[in-house]
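Engineer: my questions concern the predicted model and sequence given below.
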Amino acid sequence: NRIFQGLREKMEQGLLPQWIFTDPHIYELELERIFARTWQFLAHESELPEPGSYVTRWMVDDPVLLVRTNSGEIKAFLNSCPHRGTLLCTADFGKKKAFTCPYHGWTFNLDGDLIGVVAGDKVYGEEMKKDEWGLRPIPRVERYQGMIFGNLDPAAMPLDDYLGDMKWYMDIILGRSDGGMEVRGLPQRWVVHANWKVGLENFAGDPYHVQTTHRSTVELGISPQDPLYAGYGHQVVLQNGHGINVITATAPGKPQRPPYQGLPQEMWPMFERNLNADQLKVFAKTTVFVGSIYPNLSFNSPVHGSEGHLHNYLNVRLWRPLGPEKIEIWSWFLIDKAASEAYKEAAYKGYVGSFGPSGTLEQDDTEIWARIVHASKGHMARSKDLSYNNLLNYLMGLERVLPDETFPGPGVAYPTCYLDAIHRATHEYWLELMSKEEESAGENGCES
Ligand code: FES
Ligand code: FE
């Protein structure tokens, strides 16, 4: 409790202790106070195209089975048999009429009902009430713009409220085209030695790293020469730890980049139908949208290629924690359903070569993230004494860069993306969630 109080003060000064990225006790507390209470991304609805389609996912350590039922509804269950707890479905995805457990053979239908018990009539009597032994549902499942989220807390605020103003930006990124977006291929996944908050930070508010970490792309002629290019645009702080960078990549006074992220002109009337005037104004000027939905979902909607052959897509990233020092990255490629097949394929190749597991930009980032863990495990980095010299610098723009009131979108928008404003807000939300238990215990008169 005392540590959290001292922390609040330091965070207000733009300082963050290095141990929050490696401390095992902090990690255990995060599982309980953050991941068991906030909305976590599960799947995009296009991954479950027809009745019987299923995918298996994880909410940190909780295995999840998502199924499209015969009525077309999408349901999510704990992927663990209610008989003895074994992992029920071991495949990543597929199509089934029912799920049979590999241990004693109980069978569940798409609605999760227990419909078959091996030798049921002979081995059970009235003690077995089949309707009480269906699959256990994930307490809350809600979706926005095709993105399905789950929450382990039955009393959590509705997803709509949780996303808040992020929905305005999701409408542009996911809802601009008729039919929305679709997942192409399968989500790829790989393990990286990094803390989940580093992935979150990097996408949520760190365009500043681009000019150094991804220097090779400038040298190869893929990225512009101007070292400030990823900073042009707005960094927008949203509620509940979310944030987005709306990057124009265009210096003031310089010619605009192609509108609507270089998407083909025949698609523009569709955008005008699906978005409002302010959304169009923001979308028209944007080259890259990059941001995060708290706690562990990030997205990047970049532009690849050269004039006349530009491609845009949406890369969605989940940072699944596997411990304080390890994450499993899940990476989805999404594209406008309404785009041509040739466009989709070309954009997919652009993604694989850049942000796929073996992509050039991907390699740059994750090696650095692993070095953070590497350098944050020693005595100095771990000391809980806040007067000790282990506080990191989150000062960029603090109290100096002021919001731009003329920005048409919601949230607190700052007129540059080279700024630690989202980082500070994200970590403040982290602290709010992490210290909640103490506050309520205090209210009840308990000493902790
Ligand atoms: Fe699944 Fe026994 S554990 S049927
Ligand atoms: Fe990067």
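Structural biologist: Okay, I see it. Residues are numbered from 1 along each chain as shown. Ligands and ions are numbered 1, 2, ... in the order given.

Engineer: pLDDT score for the residue minimising distance to the centre of the chain?
Structural biologist: The C-alpha lying nearest the average C-alpha coordinate of the chain belongs to L297 (CA atoms, centre = their mean; 0.7 Å). Here, the pLDDT recorded for L297 equals 98.

Engineer: now it, nearest residue through space, not along the chain?
Structural biologist: F41 (4.4 Å; CB to CB, 6 or more residues apart in numbering). In short, each C-beta sits where N, CA and C put it, glycine included.

Engineer: swap in L200?
Structural biologist: In this structure, L200 finds its nearest non-sequential neighbour in S292, 5.2 Å apart by CB to CB, 6+ apart.

Engineer: the one you found touches K197, doesn't it?
Structural biologist: No: with contact taken as CB atoms under 8 Å, S292 and K197 are classed as non-touching, separated by 10.2 Å.

Engineer: so who does the residue nearest to L200 touch?
Structural biologist: For S292, the residues meeting the contact criterion (CB atoms under 8 Å, 6 or more residues apart in numbering) are 200, 203-205, 241-244, 298-299, 422, 426.

Engineer: of those residues, select the buried ones using a PyMOL command.
Structural biologist: To isolate the buried subset of the contacts of S292 in PyMOL, counting by 16 or more other CB atoms under 10 Å, use the following:
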select buried, resi 200+203+204+205+241+242+243+244+298+299+422+426
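
Engineer: let's have the contacts of S292 in TSV, adding distance to ligand 1 and secondary structure.
Structural biologist: Compiled in TSV, the contacts of S292 are given as follows (distance: CB to the nearest ligand atom, whole Å; DSSP: H, G, I helix; E, B strand; the rest coil):
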residue	distance to ligand 1	secondary structure
L200	36	helix
F203	39	helix
A204	40	helix
G205	45	helix
G241	38	helix
H242	39	coil
G243	43	strand
I244	43	strand
S298	36	strand
F299	37	strand
I422	45	helix
T426	40	helix
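
Engineer: what's the closest of the contacts of S292 to I3?
Structural biologist: Distance to I3 across these (CB to CB) is lowest for T426, with 19.0 Å.

Engineer: so what's the closest one closest to, chain neighbours aside?
Structural biologist: Once flanking residues are discounted, T426 sits nearest to G241: 4.7 Å by CB to CB, 6+ apart.

Engineer: mind listing what the one you found touches?
Structural biologist: With contact taken as CB under 8 Å, 6+ apart, G241 is in contact with 292, 294-295, 425-426, 428-430.

Engineer: contacts for stretch 363-377?
Structural biologist: Applying CB under 8 Å, 6+ apart, the set of residues contacting stretch 363-377 from outside is 18-19, 21-22, 192-195, 198-199, 202, 209, 213-214, 216, 325, 329, 381-382.

Engineer: rerun at 7 Å
Structural biologist: With CB atoms under 7 Å, 6 or more residues apart in numbering as the test, stretch 363-377 has contacts from 18, 21-22, 192-195, 198-199, 202, 213-214, 216, 325.
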